[in-house]
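1. Return a 3D structure for these sequence lines:
(chains A and B)
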Amino acid sequence: KNEVEQSPQNLTAQEGEFITINCSYSVGISALHWLQQHPGGGIVSLFMLSSGKKKHGRLIATINIQEKHSSLHITASHPRDSAVYICAVRFWIQGGSEKLVFGKGTKLTVNP
Amino acid sequence: DTAVSQTPKYLVTQMGNDKSIKCEQNLGHDTMYWYKQDSKKFLKIMFSYNNKELIINETVPNRFSPKSPDKAHLNLHINSLELGDSAVYFCASSQDWRGGLYEQFFGPGTRLTVL
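-> Residues are numbered from 1 along each chain as shown, chains lettered A, B, ... in the order given. The predicted structure is shown next:
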């Protein structure tokens, strides 16, 4: 079982809809990242957070440390938002080093 | 000006060969990473270096050897290539790594195909 679970795996929406992508993890973390991978393959970092909520344009990311859960929301979705959204968590392991584990991604398709 | 660049973009080679992928960042960052994305699009971290020092070394075959000649470069050398090494390899950099709250900037990826 992956330490990071994303849902849904695939999501199709109509332009303008409100989108929510979920990420759950099983251990205490130091940080959580949301990444966007475009159809062409390029990867862009959207958010890094360790608590609370962050907003950037139409994108909002929230994290609940107690529930070990994060959500990525897209308001007023647009076809250009079509991409794979990847959650990654960073946590400390014994010996003081870090581990970075990725979810399997959520493929979002927004139709016009 | 490309922030994180990788060469080559595509690499097709035969099993058993040795190959290298180069990565350079011009952002002045201290930390660099190598990731592997397999055919199922699953990303996994392979290595991370901070100021030329190895800080993350996931369980990868020792045929993979990262080399950081300076903090702006992190090259990936792969010996005795196998079919399962076929994947897209992404390089990334961040200002620092402590606490995990530094934005990572990704290179365009190198698609490696082993025949």
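
2. measure stretch A:76-91 end to end?
-> Terminal residues of stretch A:76-91 are spaced 33 Å apart (CA to CA, to the nearest Å).

3. Which helix or strand lies directly C-terminal to the helix or strand of chain B with the lowest mean pLDDT?
-> Ranked by mean pLDDT, DSSP states H and E, the helix or strand of chain B with the weakest confidence is strand B:53-57, at a mean of 79. Next helix or strand after strand B:53-57 toward the C-terminus (DSSP states H and E): strand B:64-70.

4. orientation of that following strand relative to strand B:53-57 in degrees?
-> With axes from the mean of the first three to the mean of the last three CA atoms, to 10 degrees applied, the angle from strand B:64-70 to strand B:53-57 works out at 150 degrees.

5. Could you check the angle the next helix or strand after strand B:64-70 makes with strand B:64-70?
-> Once the chain leaves strand B:64-70, the next helix or strand it forms, by DSSP H and E, is strand B:73-78. Here strand B:73-78 points in a direction 160 degrees away from that of strand B:64-70 (the same axes, to 10 degrees).

6. Write out the residues of chain A neighbouring chain B.
-> Applying CB under 8 Å from any CB of the partner chain, we find that chain A lies next to chain B at A:29-31, A:33, A:37, A:41-45, A:48-50, A:84, A:86, A:88, A:90, A:97-100, A:102, A:104-105. Placement of C-beta: from N, CA and C, glycine included.

7. if you set the cut-off to 6 Å instead, what comes out?
-> Residues of chain A found near chain B (CB under 6 Å from any CB of the partner chain) are A:S30, A:A31, A:G41, A:I43, A:S45, A:M48, A:R90, A:E98, A:L100, A:F102, A:K104.

8. Just the residues you listed: which are in strands?
-> Of the residues of chain A next to chain B, the ones assigned to strands by DSSP state E are A:A31, A:I43, A:S45, A:M48, A:R90, A:E98, A:L100, A:F102.

9. quick one: the last one and B:M32, what's the gap?
-> Right, A:F102. 18 Å (CB to CB, to the nearest Å).

10. Which residue of these two possesses the greater neighbour count?
-> B:M32 (30 against 21; other CB atoms under 10 Å in any protein chain shown).

11. Am I right that the more buried one sits in a strand?
-> Yes - applying DSSP: H, G, I helix; E, B strand; the rest coil, one finds B:M32 inside a strand.

12. quick one: contacts for it?
-> B:M32 makes contact with B:Y49, B:L74, B:S93, according to CB atoms under 6 Å, 6 or more residues apart in numbering or on different chains.

13. Tell me, how many residues neighbour B:P61?
-> 12.

14. what do you get for B:S94?
-> Using other CB under 10 Å, the number of residues around B:S94 comes to 22.

15. The one 3 residues further on too?
-> Number of residues near B:W97 (other CB under 10 Å) recorded here: 23.

16. so it sits right up against B:N50, yeah?
-> Yes - at 5.4 Å, B:W97 counts as touching B:N50 under the criterion of CB atoms under 6 Å.

17. coming back round to it: can you turn the buried subset of the ones in strands among the residues of chain A next to chain B into a selection I can paste into ChimeraX?
-> In ChimeraX syntax, the buried subset of those is picked out as below (16 or more other CB atoms under 10 Å in any protein chain shown):
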select /A:31,43,45,48,90,98,100,102
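
18. Show me the helices in chain A, by range?
-> Remark: helices of chain A are absent; assignment by DSSP state H.
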